[in-house]
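Student: turn this into a model:
(one chain, ligands or ions: 2)
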Amino acid sequence: MSRRTISSGWPVPPPNRRSALRAALAGIGAATLAGCDRLSNNPAVVDALKSAQHLSHGAQRLVAGRKAMAQEFSEADIAKTFKANGTLAPRDADYRALMQGGFKDWALRVEGLVEQPAAFTLAELRTMPSRTQITRHDCVEGWSAIGKWKGVPLAHVLAQVKPLPNAKYVVFRCADSMDDPAAAADSRYYESVDMDDAYHAQTVLAYELNGQPLPVANGAPLRVRIERQLGYKHAKYLMRIELVERFDQIRGGQGGYWEDNGYEWYAGI
Ligand SMILES: Nc1nc2c(c(=O)[nH]1)N[C@H]1C(S)=C(S)[C@@H](COP(=O)(O)O)O[C@H]1N2
Ligand SMILES: [Mo]
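Tutor: Ligands and ions are numbered 1, 2, ... in the order given. Okay, the predicted model is just below:
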């Protein structure tokens with residue numbers, strides 16, 4: 001055996017998912033990279049995303065495990081302006097009323113498969129233990145931004161409501177309708193993660209961005225950070241958190257607004 005043969009017994013490193021995705025997106029052309037909605041209409045993008053995500057999901061479980069931390073950065077790395085994307089100002093009447101009241105009447109309901117359903121005001125969430133983290137947000141459109149988030153770990157909030165043993169997923173229900181809010185069908189943004197991500201140390205319900213109250217464009221009053229996954233998992237404008245055993249009966253059945261439009265449910269980076 002030559003001295004250059006490596007037989008450490010470790011699995012090979014994961015393929016670089018981000019560069020695979022970038023290369024795939026580059027092939028589609030910058031002109032089409034105008035929004036998540038337009039991207040989802042492009043079958044080439046959806047295919048590229050799916051293949052890149054499959055590589056990553058398997059590789060991540062093999063090599064890193066689901067508890068591995070996303071990279072954290074220093075204050076010097078923080079972007080001057082953190083881009084906002086998707087909904088920038090929900091049009092829904094209930095949200096607008098809460099916003100006009102400075103979110104004093106807003107409360108996050110946490111319910112479903114829990115022993116003690118509860119509702120938490122912003123003031124209550126702010127008195128809970130907090131975590132501050134400087135992380136990079138990666139959107140499927142091909143842009144990234146580093147920001148400093150402060151919020152309460154979702155694990156802490158879950159401990160208050162005591163999930164039942166059959167709770168397998170956490171569903172995030174948002175305020176913003178993606179279609180005309182007057183239309184009959186519910187088109188409000190939603191997302192879901194499994195318990196590994198729900199209890200991950202960096203999964204926080206964030207109420208501050210870069211030392212300021214979370215701006216409306218970025219999801220005021222509260223948005224979730226799922227740091228090991230792509231941007232669309234990070235639900236903004238949270239209204240309600242629901243613990244469920246399965247999500248195939250919710251809306252399109254794929255676990256999220258963009259998932260119902262063809263994106264992968266597991267969007268690991
Ligand atoms: N409620 C809600 N959450 C959302 C979205 C949205 O349109 N509505 N867009 C998603 C997408 S595609 C991205 S990239 C991020 C953007 O977060 P930002 O506005 O803070 O940049 O939010 C995600 N969460
Ligand atoms: Mo995104």
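Student: so who does the residue in the stretch 51-200 of the chain that ligand 2 sits nearest to touch?
Tutor: Proximity of the stretch 51-200 of the chain to ligand 2 (Cβ to the ion) peaks at residue 139, 3.4 Å away. All C-beta atoms are positioned from the backbone trio N, CA, C, and that covers glycine. Shown in contact with residue 139 (Cβ atoms under 8 Å, 6 or more residues apart in numbering): 36, 85, 230, 231, 232.
Student: center of the chain - which residue?
Tutor: Centrality entry for the chain: nearest residue to the mean C-alpha point is residue 234, 2.0 Å, by Cα atoms, centre = their mean.
Student: who's in contact with that one?
Tutor: Contacts of residue 234 (Cβ under 8 Å, 6+ apart): 137, 191, 223, 224, 225, 226.
Student: again, but for residue 192
Tutor: Residue 192 neighbours (Cβ under 8 Å, 6+ apart): 169, 170, 171, 172, 244, 247, 250, 255, 256, 265.
Student: that one belongs to a helix?
Tutor: No. Under DSSP: H, G, I helix; E, B strand; the rest coil, residue 192 falls outside any helix and is assigned strand.
Student: show me what it bridges to in the sheet.
Tutor: Beta-bridge partners for residue 192, by DSSP bridges, are residue 171.
Student: now residue 108
Tutor: Beta-bridge partners, per DSSP bridges, of residue 108: residue 120.
Student: any idea how many residues pack against residue 170?
Tutor: 27 (other Cβ atoms under 10 Å).
Student: quick one on the thing from earlier: for residue 267, see how far away the residue of the stretch 51-200 of the chain closest to ligand 2 is.
Tutor: 11 Å (Cβ to Cβ, to the nearest Å).
Student: what residues are shared contacts of the two?
Tutor: Joint contacts of residue 139 and residue 267 (Cβ under 8 Å, 6+ apart) are 230, 232.
Student: and the helices in the stretch 151-269 of the chain?
Tutor: Taking DSSP state H, counting those that start in this stretch, the helices of the stretch 151-269 of the chain run over residues 154-161, 195-198.
Student: please render the ones you listed as a markdown table that adds mean neighbour count and mean pLDDT to the earlier fields.
Tutor: Converted to a markdown table, the helices of the stretch 151-269 of the chain look like this (neighbours: other Cβ atoms under 10 Å; pLDDT from 0 to 100):
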| stretch | mean neighbour count | mean pLDDT |
| --- | --- | --- |
| helix 154-161 | 18 | 98 |
| helix 195-198 | 18 | 97 |
